[in-house]
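Participant: Just to be clear, the model below is a prediction. Sequence and coordinates:
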Amino acid sequence: MNTDSEKKDIVLIVDDNSNNLGVLYNLLDDASFEVWVAQDGESAIEKVGYALPNLILLDIMMPGIDGFETCDRLKANPLTADIPVIFMSALSDTVDKVKGLSLGAVDYITKPFQQEEVLARVKLHLKLHFLTQKIEKQNQELEQRVQERTAELSQALHNLQQTQVQLVQTEKMSSLGQLVAGVAHEINNPVSFIFGNLTHISEYIKELIAHLKLYQQSYPNRLPQISDHAEEIELDYLLEDLPNVISSMKLGADRISNISVSLRNFSRMDTSNKVAANIHEGLDSTLLILRHRLKGSGDRPAIEVVKEYGNLPLVECYAGQLNQVFMNLIANAIDALEDKMVNSQSAKSANCKITISTELANNNLVKIHIADNGIGIEETVACKLFEAFFTTKPAGKGTGLGLSISYQIVVEKHGGKITCTSTLGQGTDFTVEIPIEQS
């Protein structure tokens, strides 16, 4: 209840009897309350619509709508529902009291009035109403503080997870980069040696074959043992096939060299500086590294890769990190297609395909789409894909870090965007958007 130094509490008296109004008005006015009066329910509801009293003394038997109907309407209005209502009536029937209380009234006063009782009940319910409001306000403030604290803890947990992901990402990229760069370097040395010697061997073989043919032309009548030996080693076939063998060796060495270049491109140690990179080279290097998973084996058919490359300029980026994004997305697509083969009645008829397309979206944005026609992703799962440590794969197969790391690389490192659209049973499409020039 308000103190004398504060605004007076307002009590609305609703009664069609002028004598009752006069008695209650004088009683409450002498007790320092601000008193409003209304002689019927409609007038009371209209008056409350303009300003809210702190308490209502409400007569039951009135012309027009009675006190029960008036109370029911007041409680149905959210603006007036919390105003305490005390019923007044000469009726003493318990049923009427129960009905009044069930409608939301806080008390019941019978006529004729006992002034001390009326004043005591009014003061008591105003105090209870004030305390209830105070408790509700404190509860709201407490709930707000709990929500703020919960939000702070959630943000702290999110930050911790992101820090863990960054540490894992940094360590993983560092270790992977050093390993792959080392392997590429070690491969490159012997391959360069083989390449250099194959050129000379090819020339030597040509010269030896030419020299041997001169002997055959100069000495057509060979000794029997020479003819027998030539027949035994199939000399004619050997002379015909030997250049082909050398050519195959050159192709093999060239393939190893390409793998070495792809490994070096994939593991570029560019964590501190952005460089202008060819996105298509990164995609091709990633596909080359994952080629063993795309090949068919036994009953498992090969996974078809369709490349629909647009005309892209060089993109200013951390090329090695973007390659890791491509690796994660393509590897996930392969996983989805392998699951499709497992669930298919015939793996050979699964028709597994990965489509990689690129396009120039505007003057400073490229889009890379990596789509598969695998099993798809449920909508309830899709919204959690980029959360740290969330995975749909069985234990031991997925860490829940691949897409989270990819999100950080694309969004936080490059100011880009990565999204996923999927239809269950039809496939999934990841879209990566990267600005051509970084701000």
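Facilitator: That came in fine, so what should we check first?

Participant: roughly how far out does the lengthiest helix in the chain sit from the chain middle?
Facilitator: Using DSSP state H, we find that the single longest helix of the chain is helix 115-218. Taking C-alpha atoms, centre = their mean, to the nearest Å, one finds the center of helix 115-218 at 13 Å from the center of the full chain.

Participant: name the helices or strands packed onto that helix?
Facilitator: Judged by 3 or more C-beta pairs under 8 Å, 6 or more residues apart in numbering; DSSP states H and E, helix 115-218 is in contact with helix 18-30, strand 55-59, strand 85-89, strand 107-110, helix 235-266, helix 319-343, helix 402-407. All C-beta atoms are positioned from the backbone trio N, CA, C, and that covers glycine.

Participant: Pick the most deeply packed of the ones you listed.
Facilitator: strand 55-59 (a mean of 26; mean count of other C-beta atoms under 10 Å).

Participant: so what strands line up beside it?
Facilitator: Here strand 55-59 has these sheet partners by DSSP bridges: strand 10-14 (parallel), strand 85-89 (parallel).

Participant: Pipe these into a markdown table and attach distance to residue 363 per row.
Facilitator: As requested, the strands paired with strand 55-59 are arranged in a markdown table below (distance: least, C-beta to C-beta, whole Å):
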| stretch | distance to residue 363 |
| --- | --- |
| strand 10-14 | 67 |
| strand 85-89 | 69 |
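
Participant: Could you list the low-pLDDT ranges of the stretch 301-439 of the chain?
Facilitator: 344-350, 382, 388-401, 439 (pLDDT under 70).

Participant: And the strands in it, which stretches?
Facilitator: Secondary structure of the stretch 301-439 of the chain (DSSP state E, counting those that start in this stretch): strands located at 304-308, 315-317, 353-362, 365-372, 417-423, 427-435.

Participant: So which of the ones you listed is nearest residue 42?
Facilitator: Ranking the strands of the stretch 301-439 of the chain by proximity to residue 42 (C-beta to C-beta) places strand 417-423 first, at 59.0 Å.

Participant: Name the residues of that closest one that are buried.
Facilitator: Going by neighbour count (16 or more other C-beta atoms under 10 Å), the buried part of strand 417-423 is 418, 420, 422.

Participant: ok, and what's touching it?
Facilitator: The contact list for strand 417-423 (C-beta atoms under 8 Å, 6 or more residues apart in numbering) reads 325, 376-377, 382, 385-386, 406-407, 410-411, 428-433.

Participant: cool, and stretch 361-368?
Facilitator: 279, 283, 312-313, 315, 326, 356-360, 431-437.

Participant: Identify the residues contacting the helix or strand hosting residue 98?
Facilitator: Element membership of residue 98 [criterion: DSSP states H and E] is helix 94-102. With C-beta under 8 Å, 6+ apart as the test, helix 94-102 has contacts from 60, 67-68, 71, 87, 89, 108.
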